[in-house]
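Enquirer: Please work out how this folds:
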Amino acid sequence: KLKHIKVEEIELHPDAAHVGEDIRVVGNDAGEKLSILGSTLARLDRHAPSYGVDSYNDFNTFYMQAASGTSGGSSGSPVLNIQGHAVALNAGGSNSSQSSFYLPLHRVVRAVEKIKKNEAVSRGTLQTEFLHKSYDELRRLGMGENLEEECRDRFPAATGLLSVIRVLRGGPASASRKGAPTETTIVGGVTRVPGLEPGDILFACNGKHITNFVNLWEIIDESVGMDITLEIFRAGKNGGASGMLHVVSKVQDLHSITPSRFLELGGATFHDMSYQIGRNHNCELGTGVFCAASGFLLWSSWSRDFLVTAVDGKPTKTLDQFIDVIRSLPDHKRVPMMTRPLGKSDEHIMMVDIDRHFFLAALFERDDVSGSWTRKELEAAPVEEKKDDGKADGPASEAEEEEEDDAETIALDKIKSALVNVVCRLPYSVYGNTSASNYSGVGLVVAVDPIPLVVFDRTAVPTEMLDIRLTVSNKSFPGRVVYLGSFALVTFDRKLLPEDVTVPTWDETLLKVRDEVRVIGLTSDQLLVTKDSTICSIGMNFNTKQCNPPRHRLINVENINVLEAPSCWGGVIARKPATPSSPLSVSGFYMAVSSQNRNSDDVCWTQGIDIQRYIMPVVKKIQENTKNSTPLPVEPPTRDLGIEFADMPLSTVSTMGLSERRFKGFVRAAKKFRGNPRPLVVETRLRPLPTGIDEETTLKIADIVLEIEGKPIYRVSELTDLHLDNKETVEVIVLRGRQEVKLTVPTVPSWPTSGRTIVQFFGAILHSTHSAALEQVSPTATLVPLDSPGVYVGGVSYGSPALDNIRPTHWLLEVDGTAVSSIDDILALVKEKRWKQGDYVRVKQVSRKGITSLVSVKVDERFWPTLCWTKDAENQAGWKQQRWSGEEFVKPF
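Expert: A predicted model of the protein is given here:
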């Protein structure tokens, strides 16, 4: 509704437009308010501009042209003459010139008059595209001079006629439409053909001679559902004495092939294929459901613009058929989907995981009376019937005689059986991980009893809120996260464990530099790759950098690097056997590590970590707790020094006041693993220093760590021997200012890297603060919550009210003046306030640098209700989705 403004009417005068008319375009050129651009009309009969095959394009209409140079922001602006009357609407422009294109108003005037009378605006179509061509062009299409003279005598001002350039297959004017006559017939002495063809020249419709689009559509728009007779000329076709042919076609309702509803499923959007899309790609309508955006149903947010012709073996030519199939499928079920790219004839098959747990499934229908959309949500997905056992259906295959493999092949096959491919789907951007990124990699089976456990790097399995698809020994099934730390541990239903999978033999001897090893990895196609190599370094010579947005990164972990590695993103490092027949013993997990460079571009590399030191202690603890029916939290509470360490060459440290005794100790320790001595240095704080703590009394940046709890620290891996989880403080000796300083350093609880509660709030994805975000908080950012879970913005959904208002990587401090310090505060506020549709809510937020801002966000519960996802305690394989607002906009399906 307009308020505090006096509305002036601009009269529409389409017939007032003529070549040479001075005009003014009044609009918001390039977003600037009230831009006024002047020009002179140069053409009234330009072809409709083409904006590309994937864009909306007008057709079957003239356009006007003038050199007004309008740009984005002025679309729909009135084109005014000197009397202040609108003669056209600004529609587009050329990128290579000052030319602008205007839509004539003849059919707009008709629509306005019908709306004034409260009448439906009927629109007809033949699914046929016409183009106005000059008489010279028409003669080249076969039209004789006698016909041209008749037309010129009848309409002296006309310069040409309409010619058919495209007829959509199956359309009302197509010869291939259902019910069309199969042969040419003669009715009343006139030759009647089944349908239109490209090259046909239109002379008359229902007996009225036609020279332009306006005259033709005056008839078509008023004849919806009725037969019309088109009189055409077709070169080379005998038309009798007059040379004319007749085509009788029933006018189709254009509204019936213009989608007025769409289905949201798994973040994807589906609707019936529109005439506009069918025309652009020459696709027959009603041959598949159009996917406007695949979201994460197809595990790829970049896939779009294709047709779905079948799901789970059932045809889905229309949206109704598609919905019927989806309603019968259980959540998480993996089904085949047949798709066809637009404009192509070949179909493709892809496997799709049905998602009813991260996204609501809803059908939106346009309500022309209220001017809004009706939301109808699908009922809960049916429960999948589980089989009694995991045996495959059908008769058992006959045993075949197999060739006996050599010992080396058997050893490699054993390793291969324990290697696992993983693909993860992250539905929303959370904890610094973006939903548009690819999450895949290779893991290793490290245990099978009492539950299977597979270790992955955090590049492949970044957080807990995701869907996991494992491929183990050529079998695919879902998994779930049971541990997150420097690495991730994933489990799955033990009944699905293939029989040939075994846990590798672990190497009990620590690796040293120059040891000969074999790196064994797996490609995404389940192909085994191996490379004999040598350990070239062990230490911290690769450090991850702080990322934007802040996300988990690998720190304070000793890496193992090899001289040469196979082309893969994960596997194992095995000690090279003495003889080909000797078994392979696994020493390290070969993993991918991700970070960012100085340009904030993502980078990734591979390295190894010691399995016995880092992974197996966690595995044993999970096994023990599982046997005792006391499962560990995904992120068990731990304590650390709150410091990120780096290492520094001993030669550099020796110039900083290091004693000779300390120097020799580092040299001796390095000889044990044939490495270079590199003392640890304090790189940065992982959390801001608490208020009131004197920095001189604790670890400072650039401190060289010499001892912790009386034990010399020569390598970063020795930090795992300190067992900091059980200590409130530790005694630390550091080298600072060329002197050894003894400190009593408090340990701090480790901040979680993930969480189990996520909220959608006006389209902003909120969760508690994670550790990577705290690393980057400025010391002056006093408003950032450090003593509470906080409300952190992980991401903002495209098209939501929060977009460009609530900022990712910020913390929410207040909502409508009420302080919020946790996700529970947000949910309680939603229940308490019950904001009305269209209201504006004030949100105060703060950045990592301490910059605060206040924004207003419009309430839209119809499309963006408040949703909460929590880890489902009853079903550990999935998440539970709960609606917290917007129930009043949901209609029964």
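Enquirer: Is residue 735 in contact with residue 658, as I believe?
Expert: Yes. When contacts are counted by C-beta atoms under 8 Å, residue 735 is listed as touching residue 658 (6.2 Å). (Each C-beta comes from the backbone N, C-alpha and C, glycine too.)
Enquirer: who touches both of those two?
Expert: residue 704 (C-beta atoms under 8 Å, 6 or more residues apart in numbering).
Enquirer: Buried residues of the host helix or strand of residue 826, list them for me.
Expert: Per DSSP states H and E, residue 826 falls inside helix 823-833. Going by neighbour count (16 or more other C-beta atoms under 10 Å), the buried part of helix 823-833 is 823, 825, 826, 827, 829, 830.
Enquirer: what's the answer for stretch 688-700, then?
Expert: For stretch 688-700, a neighbour-count test (16+ other C-beta under 10 Å) marks 688, 698, 699, 700 as buried.
Enquirer: can you redo the buried residues of helix 823-833 as CSV with distance to residue 672 and pLDDT?
Expert: Below are the buried residues of helix 823-833 laid out as CSV (distance: C-beta to C-beta, whole Å; pLDDT from 0 to 100):
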residue, distance to residue 672, pLDDT
823, 49, 96
825, 53, 96
826, 53, 96
827, 55, 96
829, 58, 95
830, 59, 95
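Enquirer: Please tabulate those in TSV, including the columns distance to residue 712.
Expert: Below are those laid out as TSV (distance: C-beta to C-beta, whole Å):
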residue	distance to residue 712
823	44
825	47
826	49
827	51
829	53
830	55
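Enquirer: where in the stretch 401-550 of the chain is pLDDT low?
Expert: 401-404, 541-542 (pLDDT under 70).
Enquirer: before we move on, what about the stretch 101-250 of the chain?
Expert: Applying pLDDT under 70 to the stretch 101-250 of the chain picks out residues 238-242.
Enquirer: What are the boundaries of the helices in this structure?
Expert: For the chain, the helices defined by DSSP state H cover 106-116, 135-140, 145-154, 213-220, 275-281, 319-327, 407-418, 616-627, 650-653, 660-672, 771-775, 823-833.
Enquirer: Turn these into JSON lines, columns for distance to residue 307.
Expert: Formatted as JSON lines, those follow (distance: least, C-beta to C-beta, whole Å):
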{"stretch": "helix 106-116", "distance to residue 307": "30"}
{"stretch": "helix 135-140", "distance to residue 307": "35"}
{"stretch": "helix 145-154", "distance to residue 307": "42"}
{"stretch": "helix 213-220", "distance to residue 307": "28"}
{"stretch": "helix 275-281", "distance to residue 307": "9"}
{"stretch": "helix 319-327", "distance to residue 307": "11"}
{"stretch": "helix 407-418", "distance to residue 307": "39"}
{"stretch": "helix 616-627", "distance to residue 307": "46"}
{"stretch": "helix 650-653", "distance to residue 307": "63"}
{"stretch": "helix 660-672", "distance to residue 307": "63"}
{"stretch": "helix 771-775", "distance to residue 307": "41"}
{"stretch": "helix 823-833", "distance to residue 307": "39"}
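Enquirer: any idea which of these is most buried?
Expert: helix 771-775 (a mean of 22; mean count of other C-beta atoms under 10 Å).
Enquirer: mind checking how far that helix is from the chain centre?
Expert: The chain centroid and the centroid of helix 771-775 are separated by 25 Å under C-alpha atoms, centre = their mean, to the nearest Å.
Enquirer: for stretch 340-356, same thing?
Expert: Relative to its parent chain, stretch 340-356 has a centroid offset of 17 Å by C-alpha atoms, centre = their mean.
Enquirer: Endpoints of that stretch, how far apart?
Expert: Distance across stretch 340-356, first residue to last, is 24 Å (C-alpha to C-alpha, to the nearest Å).
Enquirer: What residues of it count as buried?
Expert: Along stretch 340-356, these residues count as buried under the neighbour rule (16+ other C-beta under 10 Å): 340, 342, 352, 353, 354, 355, 356.
Enquirer: how much space between the first one and residue 326?
Expert: Right, the one you point to is residue 340. Distance of residue 340 to residue 326, given as C-beta to C-beta, to the nearest Å: 19 Å.
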